[in-house]
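**Q** what's the 3D shape of this:
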Amino acid sequence: MPVSCSIRAIWILNNLDAVVFSRRFPVVEKQWRAACKALNDASNDDPVKYAVHPILPNDSELAAGFVERKEREGSVRGYGIRVPQSAEGSDSWVDDPITRHIISLRIATKEEGDETFLLWPLILHVRGSYSILVLPLVEPGQLREYETLCTKSGCGNAVGADGSLPSLLLDLPSITGGCMVAHAVGDVIAGDVVDPEVVVSAAPSVGGLLDSLTGSIGISGISSRAKPVASPVTPLTPTGNAAIGAALADAPKIGLKPLDKDALRTFLSSAIPFGTPLDLNYTNIFSVKANGFNSSDQPPTDVKQPAWKPYLYKGKQRILFTIHETIHAALYDRDDISDTISVAGQINCRAELEGLPDVSLPLTGLDKAPIEVLSFHPCVQVPEHGADKQAMMFSPPLGNFVLVRYQANCGLGPPLKGFYQLSMVSEDEGAFLFKLRLMEGYKAPYAMEFCNVTMPFPRRRVLSLDGTPSIGAVSTTEHLVEWKIVTGGRSLSGRSIEATFSGTVRFAPWQSQRLIPSKFGFGNLGDEDFDTEMENTNNMVNVEEFLMEKMSKDLPPVDLEEPFCWQAYSYAKASFKITGASLSGMSIDPKWVSIYPAVKAPVELSTQLISGDYILWNTLGKCPSVAKAQA
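**A** Alright, predicted model coming up:
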């Protein structure tokens, strides 16, 4: 059997556990049947045989097997670890977290009565309200090995252990291909098939929470796409690639989104012909559908056109770069714990160039903050490497793509620093204090477009807030307080500011309720304190949610005098956006970008930095790092 990835079948189920789409690949299934016959013939004396069933179940049989697994494992994903109620032969019996994503189903066929057979490995990918199941081709002997693994008394899940799941998966390269297919199908049905956006203008930002959520989507700039060579049929437009997304966006927000089966069939027939994944890029697939294969403008005979560029660009030529960075930080303001700050970045590119040119450029500023991880798009060649610059050359594909990904230290220090304190005044009232400094050491062209700080109170309901900040505005919701320090339209550039905010927050009266005892063998969690009443629970408990809830409540006890100092909640979170230059120092000098064959094409560069997990830990509470050190 070939080592390359092949797909036997794909199923898509909705949240009612009904199969709404399925696709089988007879060519691959013929290979499976031949392999099963060869195994059976070679093991005539073996009482354990793999007789060739009508191996692929019909849609109703597969849906029934999926429902049976949910009831057996406790949830759609399964908890992946062995618990007292795990049954021998189940995925959780294997005792490995990977069984949350690579699952098996017991299929019962009507023709064989109560007889069942194992369907494995199924890649499970949950996207929105849909569950996507992809069945890659493996050797029948590997399926037999997994079934044996499901009945072993010991766990044996260490890599290299005899009969372990990780060791088995290392021999199955088709698993990786199956995961890629599942994610590509999920992008198509969700309408999330757009390329990385490239920001090319500095229009006013809407600011606030929208900026922090959209991140690299590039809402403040142009997001048009490269247009392919004109052909007799209608040219490709930006709306073509977003047709599915527009249809889904118009659907009601409550309930199931419509599944565009025609788009899905077109994608699968082009991307996975005869069950073998060839090109999972939806942009290329749609270009072929909309324009056909281009023959009017072929590249020179001595130049091979790359597979990722099915069309040649025609039109105004230019190159657009966007350096997009995300900063993660944990600030403690304590002598016994060091602050942690890291920057993750990527350079998005769109090269609207005619023909098949080569683009070369150096990445500069690498000496300002050491780059810890650096990876490139497959089209990139790296002929030169230095301490302060990294030269590269690439033949750009069509449309937007990620040219470089990297991780680095923060060269200028945190853009927001200071301390946060929260302590108890009474049983239902807490006093807090912020003293922050923004953009200290940051000069033009750095500009902070917005900055918000939130205090979450997931176990208390906020009634009122007393206190006025030195700058900005404050708003409250039921479970958090939000301080908007810098708002959209009033960016902070070329100077630093100090912001303070002190006050008290009042909560609803403290109420104590007892959780419903677990029927899964974990025992009673005891008394827990909540402000709101518990909802009535269903007869069937989701074990996965139960475990997550138990882990979130399994925190070390604290004194009544400091009830806010839970490890998981003793923090404030900051969100902001900075433009003008990169925080790591990574940059591209447009004057050093060269194109061969030489053409006049302007080079545009923009940068933006957003906050990821930017945490200010309560200096009066017990931080996770301290608790771990003491333990």
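
**Q** how long is stretch 123-139 end to end?
**A** Using Cα to Cα, to the nearest Å, one end of stretch 123-139 lies 16 Å from the other.

**Q** over to stretch 91-109?
**A** 21 Å.

**Q** where does the protein have its least confident helix or strand?
**A** The weakest-scoring helix or strand in the chain, judged by mean pLDDT, DSSP states H and E, is helix 208-214 (a mean of 30).

**Q** residue 7 contacts residue 274, doesn't it?
**A** No: between residue 7 and residue 274 no contact is recorded; they are 9.5 Å apart, counting by Cβ atoms under 8 Å. Bear in mind the C-beta positions are built from the backbone N, C-alpha and C, glycine included.

**Q** so between the two, which is more surrounded?
**A** residue 7 (25 against 12; other Cβ atoms under 10 Å).

**Q** what sits closest to that one if chain neighbours are left out?
**A** residue 275 (4.8 Å; Cβ to Cβ, 6 or more residues apart in numbering).

**Q** quick check: the gap between that neighbour and residue 141.
**A** Relative to residue 141, residue 275 is positioned 20 Å away (Cβ to Cβ, to the nearest Å).

**Q** also residue 484?
**A** 62 Å.

**Q** so the two - more neighbours on which side?
**A** residue 484 (20 against 14).

**Q** neighbouring contacts of the host helix or strand of the more buried one?
**A** For residue 484, the element it lies in under DSSP states H and E is strand 480-486. Here strand 480-486 makes contact (Cβ atoms under 8 Å, 6 or more residues apart in numbering) with 208, 434, 436, 438, 448-457, 462, 465, 469, 471-476, 492, 499, 501, 505, 576.

**Q** which of these count as buried?
**A** The neighbour count (16 or more other Cβ atoms under 10 Å) marks 208, 434, 436, 438, 448-457, 462, 465, 469, 472, 474, 492, 499, 501, 505, 576 as buried among the contacts of strand 480-486.

**Q** which of these fall within strands?
**A** 434, 436, 438, 448-456, 462, 465, 474, 492, 499, 501, 505, 576 (DSSP state E).

**Q** where do the helices of the stretch 1-150 of the chain begin and end?
**A** In the stretch 1-150 of the chain, the segments counted as helices under DSSP state H, counting those that start in this stretch are 26-42, 59-73, 140-149.

**Q** what are the buried residues along the second one?
**A** Going back to what we said before, that points to helix 59-73. Neighbour-count burial for helix 59-73, counted by 16+ other Cβ under 10 Å, picks out 61, 62, 63, 64, 65, 66, 69, 70, 72, 73.

**Q** mind giving me the packing neighbours of that helix?
**A** On a contact count with 3 or more Cβ pairs under 8 Å, 6 or more residues apart in numbering; DSSP states H and E, helix 59-73 meets strand 7-13, strand 19-24, strand 102-108, strand 130-136.

**Q** ok, now the first one?
**A** Contacts of helix 26-42 with other secondary structure elements, assessed using 3+ Cβ pairs under 8 Å, 6+ apart, are made with strand 7-13, helix 140-149.

**Q** nearest to residue 353, of these?
**A** Closest approach to residue 353 among those is made by strand 7-13 (35.1 Å; Cβ to Cβ).

**Q** the closest one pairs with which strands, and in what direction?
**A** Using DSSP bridges, the strands paired with strand 7-13 are strand 19-24 (antiparallel), strand 130-136 (antiparallel).

**Q** average pLDDT for the first one?
**A** Translated: strand 19-24. The average pLDDT within strand 19-24 is 93.

**Q** before we move on, what about the last one?
**A** pLDDT averaged over strand 130-136 equals 94, rounded to a whole number.

**Q** stretch 55-68 now?
**A** Rounded mean pLDDT across stretch 55-68 is 89.

**Q** go on, stretch 172-191?
**A** Mean pLDDT, stretch 172-191: 87.

**Q** the chain should start at 140 in everything you say after this.
**A** Understood, numbering begins at 140; the last thing we discussed is stretch 311-330.

**Q** could you list the buried residues of it?
**A** 311, 313-314, 316-318, 320-330.

**Q** what does residue 145 show for phi and psi?
**A** Backbone torsions of residue 145, given as degrees, to the nearest 10, read phi -140, psi 150.

**Q** if I look at it, how far off is residue 567?
**A** 63 Å.

**Q** so what does residue 289 look like in phi/psi?
**A** Dihedral angles for residue 289 - degrees, to the nearest 10 - are phi -70, psi -10.

**Q** is it true that it touches residue 225?
**A** No: taking contacts as Cβ under 8 Å, residue 289 lies outside contact range of residue 225: 10.4 Å.

**Q** what do the two both touch?
**A** Contact criterion Cβ under 8 Å, 6+ apart; residues shared by residue 289 and residue 225: residue 232.

**Q** from residue 593, how far off is residue 492?
**A** According to Cβ to Cβ, residue 492 and residue 593 sit 44 Å apart.

**Q** now swap in residue 530 and tell me
**A** Here residue 530 is placed at a distance of 43 Å from residue 593 (Cβ to Cβ).

**Q** for residue 474, same thing?
**A** According to Cβ to Cβ, residue 474 and residue 593 sit 27 Å apart.

**Q** also residue 279?
**A** Distance from residue 279 to residue 593, by Cβ to Cβ: 54 Å.

**Q** and for residue 166?
**A** In terms of Cβ to Cβ, residue 166 sits 54 Å off from residue 593.

**Q** just to revisit the earlier point, mutual contacts of residue 146 and residue 413, please.
**A** In contact with both residue 146 and residue 413: 164, 167, using Cβ under 8 Å, 6+ apart.

**Q** packed most tightly, which of the helices and strands packed on helix 165-181 would that be?
**A** Most buried of the helices and strands packed on helix 165-181 by mean neighbour count (mean count of other Cβ atoms under 10 Å) is strand 146-152; its value is a mean of 23.
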